[in-house]
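>>> Sharing a model prediction with you, sequence too.
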Amino acid sequence: MFQRLPDISGTTVHFSIDGKPTTGIEGDSVAAALLVAGHNAFRTTAVSGAERGPYCLMGACHDCYVEIDGTANQQACRIRLRDGMSVLTQHGKRDLGR
Amino acid sequence: MKRINGCQDIESTYDIIVVGAGPAGMNAASTASASGLSVLVLDENATVGGQIYRNVTASPLRDRSIVGPDYWQGEKIAARFEASACHYAPGAVVWHLDKERTIGVALGEASRIVSARHVIIATGAIERPFPVEGWTLPGVMTVGAAQILLKSSAAVPRGRAVLAGTGPLLWLYAWQCIQAGAPPSAILDTTPRGNWLSAMPHLPAFLSSPYLGKGLALLRAVRSKVRVVSGVTELAIKAHSPGLSIEFRRGSRSESIAADHVLLHQGVVPNVNLVSAAGCDLIWDETQAAWQPQTDAHGLSSVPGISIVGDGARIGGAELAAMRGEIMGQHLAQQLGGERRVDSNGAQLTPKVKAYERGRPFLDALYRPTQAFRVGAPSAIACRCEEITCGQITETVRALDVAGPNQIKAFLRTGMGPCQGRYCGATVSELIAAARGIPMSDINYYRLRSPVKPITLGQLASVPHNNEEAKFVQRI
Amino acid sequence: MRSDKANTVVIGGGLVGMATAYGLVRDGVDVAVLDEGDLAYRASRGNFALIWVQGKGAGLPPYTMWTRQSATIWPEFARELEDVSGVELHLSQPGGFNISLDEGALGRRAAMLQRIDDACRGLPGFPAEGSFSVIDANELRKYFPEIGPEVVGATFNPLDRHVNSLLLFRALHIAFKKLGGRYLPNHKTATITPGNASFDIATEKGSVSASSLVLAAGIDNGRLGKMVGLNVPVRPQRGQILVTEKMKPFLRHPIQTLRQTNEGGLQIGDSVEEVGHDLGLRLGVLSVLARRAVGIFPHLKNVNVVRSWSALRVMTQDGYPIYDESRDHPGAFVCTCHSGVTLAAMHANVVAPMIKLRRLDDACGAFSTQRFHVPAAA
């Protein structure tokens, strides 16, 4: 879990994680907003089902996959937070039936 | 600078395409563009800066002193780039590059093929894999990742953060956390004690380089505020509800500390995926213990028309990357016949480059991680994507006489996941060399291909094709 | 330079060589496999993993029957290999489809399959009712509810199946070693010198002598064949394949150009390109592969492609396998084909025992190199 420093600029962005409304700031990646909102684990893996969260935050490791607005396996660290986004944590392999 | 917002705004061809908008890429682009050449810069991030100057133009940090003065050096480079005539595509993922200098780029929902007379790869570095047990647990991330959160989201770890590893970035980040009022609870320093001995011969040169002043003060400040455990030789991270526990060994003593975050770092290595997939030759550099693209004095790779600059060519740090970017821009302006003469300050830059280069051998030797931490303990995961342990790799190499990384990939799936070997490639090659008892010069890297980054089937389907190509696929 | 001895040397550590070598060591033969290094052209690492019958053998009924026999004995071969190696192969045998996006192509395909059936009718074991069925788009939706509007229909063969070919590759290596075989990587064969009832094989890492020799070196068999008096006309034929991220299972049957692996990834095949020894990539080809996949299953549009491959198929002049023994140098065999997975069961369970006895029997007659010795005027 990460915390925001007190003296910062940036307007508030409203979004939801697993249906729960929360906020981030403009310029946040989805991953940053999730970490500040208290989520360390973003998904369980497609191989063993182990919990994972962001590791590199620079687009290389692909461990920060989440579902964003209905599309799964999105790199949370590469996508900027937008107002109204619906972010879901993921479980196992991508489900095309969803 | 002209901002590109979608594939439709990209021209079909440019004199130069630069991949990566860090210090090396921006400077190379600005300089070449000043000569009148058409330049496109493709970058994955939403803002310029690369990782070192990540988000420097849009940081939410009001107190500039938290991150230290070096970070803000990026503003000047970014401002010059902003004022240039370059085309700049943020959020652009380069998924293909070949010897004909054809580039596949995904931007938004679409994808587009562009080409250039010359391609500059300035994709920088990634943090060296740190395969210890538990490095895949939530709450464990790289120091670089945590620093990105500080730079672009003004966020620091809440609770107990333990930093483990070696290298300048680890100390810089610890210092930044102290500045931010959230000091780490401990630093587990894995710098091998013997490194001081191997670094000593390079000390005089280092003392005359610009690195010294910054480094010493920083180390002193961190050591006065944070518990530092030196000489750590083993590490394992366990889930320990709530939070994590880190078991470590120094000498004959084992200890364990509790943490909410474990931030790992053992230096950075060139990000070789794009260059390798483009067919550029790689070599193993023993002093930096890393795969590097082979380049000549001008940064040209083994593939004509593809150059590599900055940390993606060889780890040298931000200052060297920026200077080398500028020099490469000047060189290519001349080579490709830019209309206007670029004010060449190459002659002025050379002594500065030399000054920084003097300091590197000391840093390389001092912060070279031990082989034990590069190849990992048998129980540690080596391939994060396919969840294959270091032990499985060693056992399979021994049991089946596996010749190299591509055969082990076929046997165990290492490197087949979405990260495409970025976080296991070096580990796997070193594990195979160790298990076979052969030098790294007898080992090759994964054979990489496009897409260098995942793209959707829809994006790939939008790439144009001709009748011949359709016939290659159609059969009854 | 080291010098070594083996009763039988197999040149080539891919699927064909390892299946044959495994069959030999299982029958008590002392075998050494000589292989190239990590960067060899290795069709076995680029396999599409189908055990495929439909469409095989147009023009050569013995090949249809050979393929059918392999598919039939595959489950038994797999069980035994799984037991020895401890590796589960994920053999799945629900029958396979070839899906068409074009009415004309579907008609041509059905006609081609019918010609194969006509040529095989009455042969022992060939089904009297025919080998395949044609299915229209509506019926196809019962099997694949997600197919798109472009799909016009499919052909189906109940004998078609698939397996995890990388696990097969590993299992063969494990079983071979367990049963006492010797595997020697980085031993690319430089020359073969036939002697008096033995062969001396010089490699980049020392020489090996053997009384019997099996050439299973893929596209290198042409070069090696000449050294033992065998004319083996093989050429590389490039195939490119896409691989997606892992998904929950949604494809219950293999489709000739699309299959879901047991790990969840989708393999999307494949191209046929005559480009020599070039493993390179052609973007337009990958695009056509992606288009066809999305045409069949539109819901795949947002699925991530994580890798692409190319591999060089080992293509004989007429596309059929070659099994033969040198007339000039008895004891030198060649075993080569482009269907290393489909025919693995035959190579281990049928061809290897013949090689052990030093006699390829009549079942292999149709696949001898004699068929290439046609006077130029004909």
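Thanks, I have it. Numbers count the residues shown, from 1 in each chain, chains lettered A, B, ... in the order given.
>>> Please count neighbours and contacts with C-alpha atoms only from this point.
Fine.
>>> Tell me the strands beside the strand ranked longest in chain C, with direction?
For chain C, the strand that runs over the most residues, judged by DSSP state E, is strand C:304-316. Sheet pairing of strand C:304-316 (DSSP bridges) gives strand B:455-456 (antiparallel), strand C:234-244 (antiparallel).
>>> Look up the closest residue to residue C:56, ignoring the ones flanking it.
residue C:64 (5.4 Å; Cα to Cα, 6 or more residues apart in numbering or on different chains).
>>> Now for that neighbour, how many residues are close by?
Neighbours of residue C:64 under the rule other Cα atoms under 10 Å in any protein chain shown: 22.
>>> that older thread, TSV for the strands paired with strand C:304-316, including distance to residue C:157 and mean neighbour count?
Formatted as TSV, the strands paired with strand C:304-316 follow (distance: least, Cα to Cα, whole Å; neighbours: other Cα atoms under 10 Å in any protein chain shown):
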stretch	distance to residue C:157	mean neighbour count
strand B:455-456	31	24
strand C:234-244	23	24
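>>> Could you export those to JSON lines, including columns for mean pLDDT?
Shown next, in JSON lines, are the strands paired with strand C:304-316 (pLDDT from 0 to 100):
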{"stretch": "strand B:455-456", "mean pLDDT": "96"}
{"stretch": "strand C:234-244", "mean pLDDT": "97"}
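>>> The residue nearest to residue C:56 - that's part of a strand, no?
No - counting by DSSP: H, G, I helix; E, B strand; the rest coil, residue C:64 falls outside a strand, being helix.
>>> my read: it touches residue C:57, true?
Yes - counting by Cα atoms under 8 Å, residue C:57 is a contact partner of residue C:64 at 4.5 Å.
>>> Need the overlap of contacts for the two.
residue C:116 (Cα atoms under 8 Å, 6 or more residues apart in numbering or on different chains).
>>> Now do the same contact list for whichever residue of the stretch 101-250 of chain C sits closest to chain A.
For the stretch 101-250 of chain C and chain A, the shortest gap (Cα to the nearest Cα) falls at residue C:247, measuring 4.5 Å. Residue C:247 makes contact with A:46, A:93-96, C:264-266, according to Cα under 8 Å, 6+ apart.
>>> Between the strands paired with strand C:304-316, which one is closest to residue C:348.
Evaluated over these, closeness to residue C:348 peaks at strand C:234-244, with 21.7 Å, by Cα to Cα.
>>> could you dump the closest one to CSV, C-alpha only?
Output in CSV follows, covering the C-alpha atoms of strand C:234-244 (Å, rounded to 0.1, in the frame of the first residue of the first chain):
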residue,chain,number,x,y,z
VAL,C,234,14.4,-32.2,-48.8
ARG,C,235,14.0,-28.5,-48.6
PRO,C,236,13.0,-25.9,-46.0
GLN,C,237,9.5,-24.5,-46.2
ARG,C,238,8.7,-21.7,-43.7
GLY,C,239,5.7,-21.7,-41.6
GLN,C,240,4.7,-18.8,-39.3
ILE,C,241,2.5,-19.1,-36.3
LEU,C,242,1.0,-16.7,-33.7
VAL,C,243,0.5,-17.4,-30.1
THR,C,244,-1.8,-15.6,-27.7
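>>> Sort out which residues of the next helix or strand after that strand are buried, please.
Next helix or strand after strand C:234-244 toward the C-terminus (DSSP states H and E): strand C:258-260. For strand C:258-260, burial by neighbour count (16 or more other Cα atoms under 10 Å in any protein chain shown) applies to C:258-260.
>>> again with stretch C:129-148
Buried, per 16+ other Cα under 10 Å, within stretch C:129-148: C:131-132, C:134-135, C:137, C:140, C:144, C:146-148.
>>> will you turn the residues you listed into a markdown table that also has secondary structure and pLDDT?
Converted to a markdown table, the buried residues of stretch C:129-148 look like this (DSSP: H, G, I helix; E, B strand; the rest coil; pLDDT from 0 to 100):
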| residue | secondary structure | pLDDT |
| --- | --- | --- |
| C:131 | coil | 97 |
| C:132 | coil | 98 |
| C:134 | strand | 98 |
| C:135 | strand | 97 |
| C:137 | helix | 97 |
| C:140 | helix | 98 |
| C:144 | coil | 97 |
| C:146 | coil | 96 |
| C:147 | coil | 97 |
| C:148 | coil | 97 |
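>>> any idea how far residue A:80 is from the closest residue to residue A:63 other than its chain neighbours?
The shortest distance from residue A:63 to any non-neighbouring residue, by Cα to Cα, 6+ apart, is to residue A:54 (5.4 Å). Remark: distance between residue A:54 and residue A:80 (Cα to Cα, to the nearest Å) = 15 Å.
>>> Between the two, which has more neighbouring residues?
Each of residue A:54 and residue A:80 has its neighbours counted (other Cα under 10 Å); residue A:54 has more, 31 against 19.
>>> give the contact list for the more buried one.
Contacts of residue A:54 by Cα under 8 Å, 6+ apart are A:31, A:40-42, A:62-64, A:77, B:138, B:141.
>>> ok, now residue B:262?
Per Cα under 8 Å, 6+ apart, neighbours of residue B:262: B:139-141, B:161-164, B:244.
>>> which SS state does it fall under?
Taking three-state DSSP, the label given to residue B:262 is strand.
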